[in-house]
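Chemist: Coordinates only, no sequence provided:
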């Protein structure tokens, strides 16, 4: 029995090939993301062409709170842009630049953001921005 085990071990060890593999080439470095609360002007538009704070909803299709935020903006007739962060890589980069850390929706009014959905806080932000 011991001989069979040693023979099997010998076959297993000698049958394995260990090769040094070349290191994978490093992809081009990703642009540095802004720290939460900091904005990258190259990624994020915080004002509309007429100078008002831009309203942007960073959402996913399956999120019920994201749907509530969209419905609220539509019902209040607030001009806004909707960015699906799972379908739009540039939008996902914007989301990260705006301080998005995984919570959705991220509601941005100008440079102010809230992560998650609160109708009360959104109303306050929109009022301060001159939309209400």
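Modeler: Right, received. Where do you want to start? Just so it is clear, the model here is predicted, and its values are computed rather than measured. Residues are numbered from 1 along each chain as shown.
Chemist: Residue 55 - nearest residue in space that isn't next to it in sequence?
Modeler: residue 80 (4.0 Å; C-beta to C-beta, 6 or more residues apart in numbering). Just so you know, the C-beta spots here come from the backbone N, C-alpha and C atoms, and that holds for glycine as well.
Chemist: I misspoke; the intended subject was residue 116.
Modeler: residue 103 (5.4 Å).
Chemist: Show me what residue 58 is bridged to.
Modeler: residue 83, residue 106 (DSSP bridges).
Chemist: Would you check that it makes contact with residue 88?
Modeler: No: using C-beta atoms under 8 Å, residue 58 is not in contact with residue 88, being 9.4 Å away.
Chemist: so where's this protein shaky on pLDDT?
Modeler: Low-confidence segments of the chain (pLDDT under 70): 1-44.
Chemist: how about the helices in it?
Modeler: Here the chain has its helices, by DSSP state H, at 2-15, 64-75, 89-97, 119-128.
Chemist: So between residue 58 and residue 88, which is more surrounded?
Modeler: residue 58 (27 against 14; other C-beta atoms under 10 Å).
Chemist: ok, so what distance separates the more buried one from residue 50?
Modeler: According to C-beta to C-beta, to the nearest Å, residue 58 stands 22 Å off from residue 50.
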